[in-house]
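Trainee: my questions concern the predicted model and sequence given below.
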Amino acid sequence: MPLSQMSKAISEWSSLYEGKPYKDTENSLNIAAGICSELARLTTIEFSSEISGGSRAEYLNRQYQRVIAKSRNFVEHACAEGGVILKPYLHNNEIYVSIVLAESFYPTDFGADGEIYGGVFFESFEKNGYYYTRLEEHKLRDGRCIIRNSAYKSKFKNVLGKEICLGEVSKWSGLEPECIIENIKRPLFVYFKMPLANTVDANSPLGVSVFSRAVNLIKDANTQYKNLLWEFESGKRALYLDECAIRQDEDDNPLIPDRRLYKMLSTGDDTLFEDWTPSIRQTEYLEGLDRILRSIEFNCGLAYGTLSNLQYSDKTAEEIKASKQRSYATVCDIQNSLKKAFCELLEVFDIYVDIYDLAPRGKFSVSFNFDDSIICDRTTEFSERMSLVDKGIIAPWEMRVWYMNEEPETAKQRIGEINEIQLCNTLA
């Protein structure tokens, strides 16, 4: 089935992100985690967002800033697994948000637009040899949000087992088996999705990992890295010694000062010492690894040099510039998805405020600010704007407003002063 296909893919992405396949060998470059961390950093660096308005906006902004503060963390997890669920809940008249990873969520209802309208959340733990699982199902039907909770107990991991009462588990005892909320037009959760086409299952509403198209390449890179380490290990210099050249202890064991450097050898001839200093193919292995890393960068929408070493690259200046534009586009797309998720999250916040009468009614607005230098090629944009100034399409003061972030009146005044100085210098 499609979703089991996605579940398998999500499990593999999560495993690569956590470095599980390589923990036994310790020969991992942690490439998957590095890709997700870098994209999350570029997406959220200097990111800010706030809600303005009256008393309602003040209450909402207080709840909202708690989510903003941990945005880099959940953006990284979303990059790894294709998306995460932002699931608000109420505690002491304050709204908090749980971050549910993709592997703990199963969509059950979605529209032709790919938006998810229903799903099941999983929560499980082990205690005294038993595995306890809680399922929380959300359905949206005819303007009603139906939430059902059920609990299960099993002796086997990843098996639901038999259904039990919620009260049998202390932390679930306060939950209602069913809750119906009227006049709801959207589910009470938000799916933050990576802006990539799903190449695992085109019919699934779930997103895919940012490194989903480079899984095999990441495995190849770790294999190449392992081979590189073995090249150094197997190429350690050594000095082979004939048994006749070494003293022995009282038990007839050779007294060797360093067993890593000295090796025993029975030559049977007059050769007492023989040096072993093999050549190490470091350059060949590193260049091969770098080619793999550049392929990973291309398939993950990253600029060359993010993972690879540019000194091994034979790319032209234009190709490097194009790769940077690719990285800008990737980050910009993720930022747009993040902005969409936050706007939907505020809709859910607003619903909670109305249901529980947490703040007075009133309008509010939200603003977003991303670091433009991350998603734009500043040098290119500067050249283009200067060309417009030279052609008289925009005024010099408009250039100052954009580049120096001045107010229009201040920019006009400064341009006037500059013109006066230039005129005086010309007359002089």
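Mentor: Great, that's in hand. Residues are numbered from 1 along each chain as shown.
Trainee: tell me where the stretch 151-300 of the chain has helices.
Mentor: 215-234, 282-299 (DSSP state H, counting those that start in this stretch).
Trainee: tell me which of the ones you listed sits nearest to Gly362.
Mentor: helix 282-299 (47.5 Å; CB to CB). For every residue, glycine as well, the C-beta is placed using N, CA and C.
Trainee: could you check the angle that closest one makes with helix 215-234?
Mentor: 160 degrees (axes from the mean of the first three to the mean of the last three CA atoms, to 10 degrees).
Trainee: buried residues of helix 282-299, list them for me.
Mentor: 285, 288-299 (16 or more other CB atoms under 10 Å).
Trainee: which one of those is nearest to Leu423?
Mentor: Closest to Leu423, out of all of those and judged by CB to CB, is Glu297, at 51.9 Å.
Trainee: any idea how far the closest one lies from Leu228?
Mentor: 19 Å (CB to CB, to the nearest Å).
Trainee: do the same with Ala411
Mentor: 55 Å.
Trainee: now swap in Glu12 and tell me
Mentor: 24 Å.
Trainee: between the two, point out the one with more neighbours.
Mentor: Applying other CB atoms under 10 Å to Glu12 and Leu228 shows that Leu228 carries more neighbours, namely 19 against 16.
Trainee: which non-adjacent residue is nearest the residue nearest the centre of the chain?
Mentor: In the chain, the centroid-proximal residue (CA atoms, centre = their mean) is Glu76; its distance is 2.6 Å. Leaving aside its sequence neighbours, Glu76 sits nearest to Ala40 (CB to CB, 6 or more residues apart in numbering; 3.8 Å).
Trainee: so what's the backbone phi/psi at that neighbour?
Mentor: phi -70, psi -40 (degrees, to the nearest 10).
Trainee: what's near enough to touch it?
Mentor: Residues in contact with Ala40 (CB atoms under 8 Å, 6 or more residues apart in numbering) are 72-73, 75-76, 79.
Trainee: one more time with 7 Å, if that's ok
Mentor: Residues in contact with Ala40, defined by CB atoms under 7 Å, 6 or more residues apart in numbering, are 72, 75-76, 79.
Trainee: and which of those residues is nearest to Lys363?
Mentor: Using CB to CB, Val75 comes nearest to Lys363 of the contacts of Ala40, at 28.7 Å.
Trainee: secondary structure element holding that closest one?
Mentor: Assigned by DSSP states H and E, Val75 belongs to helix 71-81.
Trainee: packing partners of that helix?
Mentor: Contacting helix 71-81 under the criterion 3 or more CB pairs under 7 Å, 6 or more residues apart in numbering; DSSP states H and E are the following elements: helix 2-18, helix 31-44, strand 83-91, strand 94-101.
Trainee: what angle do the shortest one and helix 2-18 make?
Mentor: Computed by the same axes, to 10 degrees, the angle separating strand 94-101 from helix 2-18 equals 90 degrees.
Trainee: and Lys363, how far is that from Glu58?
Mentor: 13 Å.
Trainee: more neighbours: which of the two?
Mentor: Glu58 (15 against 8).
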